[in-house]
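Colleague: Just to be clear, the model below is a prediction. Sequence and coordinates:
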Amino acid sequence: MDLWMGSMRLVPTRQALQLTGLSPAKLREWTSRRALIPIDVPPRSQGSSGQYSWQTILVLRLAVTLKEKFSLELQAHRGIFDSLHRYLKNRSFIALWDKTLALRGPTDWQLVDESTDEPLRVDAIMLRLNPHLEVLAEGFALPGKFGGSAQLDLFPASPIGSRRSQDVAHARTPSTRYASRRRRSA
């Protein structure tokens with residue numbers, strides 16, 4: 001079940017686990033205990049699910065890459081996560097396609113266009129965003145790189161004949177007992 005909060009689409013913890021590849025304990029540690037990358041909407045009570053935006057999931061995926069591929073200590077790069085998360089909150093998902101994140105230090109980063117031939121002037125760890133965006137596009141039903149128009153749907157599509165729509169249709173239909181009583185009294 002997806003949730004819309006203004007123009008921000010959120011997914012529950014279960015889906016965040018699938019999109020990040022993190023274990024429940026690691027996700028809780030990174031978003032709550034150590035608060036490396038804060039959760040968007042914390043769980044209201046024990047047993048309830050927190051909610052995550054695509055921006056938060058993207059930063060979590062990048063942190064997973066840094067930890068698993070480069071064995072970096074994430075706490076030292078907390079400033080990058082904070083800064084990148086704030087930057088992404090005001091950016092279009094579509095505008096991030098074909099970009100690479102260049103990490104130049106514990107608090108210094110830059111988004112580089114993949115089509116540029118100009119080399120960076122300083123050493124950096126380069127993280128391509130496209131593989132992460134492909135996963136997010138599918139998980140959040142966001143436009144892909146070549147997804148036709150670069151515009152989001154105004155209303156989310158819902159399947160015809162789903163159990164929910166049948167329940168709604170059944171609830172709107174008067175019961176046969178009530179309908180037959182109504183006919184007799186008319």
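Modeller: Noted; the coordinates are in hand.
Colleague: from here on, contacts and neighbour counts on C-alpha atoms
Modeller: Noted.
Colleague: The most centrally placed residue in the chain: what's it in contact with?
Modeller: The centroid of the chain falls nearest to W54 when counting by CA atoms, centre = their mean (2.2 Å). Applying CA atoms under 8 Å, 6 or more residues apart in numbering, we find W54 in contact with 9-10, 136, 140.
Colleague: need the strands for this structure, in chain order.
Modeller: For the chain, the strands defined by DSSP state E occupy 3-5, 8-12, 51-53, 99-103, 109-113, 125-128.
Colleague: and D113, what does it touch?
Modeller: 98-100.
Colleague: For this structure, give me the ranges with low pLDDT.
Modeller: By pLDDT under 70, the low-scoring segments of the chain are 1-7, 117, 146-186.
Colleague: Could you pull out the helices in the protein for me?
Modeller: For the chain, the helices defined by DSSP state H occupy 13-20, 24-28, 54-70, 78-89, 130-140, 163-172, 176-185.
Colleague: now those in a markdown table, with distance to P38?
Modeller: A markdown table is the format used below for the helices of the chain (distance: least, CA to CA, whole Å):
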| stretch | distance to P38 |
| --- | --- |
| helix 13-20 | 13 |
| helix 24-28 | 10 |
| helix 54-70 | 8 |
| helix 78-89 | 9 |
| helix 130-140 | 18 |
| helix 163-172 | 33 |
| helix 176-185 | 53 |
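Colleague: and A124, which of the ones you listed is closest to it?
Modeller: helix 54-70 (12.3 Å; CA to CA).
Colleague: distance of the residue nearest to the centre of the chain from H132?
Modeller: 10 Å (CA to CA, to the nearest Å).
Colleague: For stretch 107-121, C-alpha coordinates in PDB please.
Modeller: The C-alpha trace of stretch 107-121 is given here as PDB (Å, rounded to 0.1, in the frame of the first residue of the first chain):
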ATOM      1  CA  THR A 107      31.200  16.200   3.500                       C
ATOM      2  CA  ASP A 108      31.800  17.100  -0.200                       C
ATOM      3  CA  TRP A 109      29.900  15.700  -3.100                       C
ATOM      4  CA  GLN A 110      28.800  16.700  -6.600                       C
ATOM      5  CA  LEU A 111      26.300  15.400  -9.200                       C
ATOM      6  CA  VAL A 112      28.100  14.900 -12.500                       C
ATOM      7  CA  ASP A 113      26.300  14.400 -15.900                       C
ATOM      8  CA  GLU A 114      27.400  11.000 -17.300                       C
ATOM      9  CA  SER A 115      27.600  12.500 -20.800                       C
ATOM     10  CA  THR A 116      30.300  15.000 -19.900                       C
ATOM     11  CA  ASP A 117      33.800  14.200 -21.100                       C
ATOM     12  CA  GLU A 118      35.500  16.600 -18.700                       C
ATOM     13  CA  PRO A 119      37.400  14.800 -16.000                       C
ATOM     14  CA  LEU A 120      37.000  15.700 -12.300                       C
ATOM     15  CA  ARG A 121      39.800  17.900 -11.000                       C
END
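Colleague: Perfect, I'm done here.
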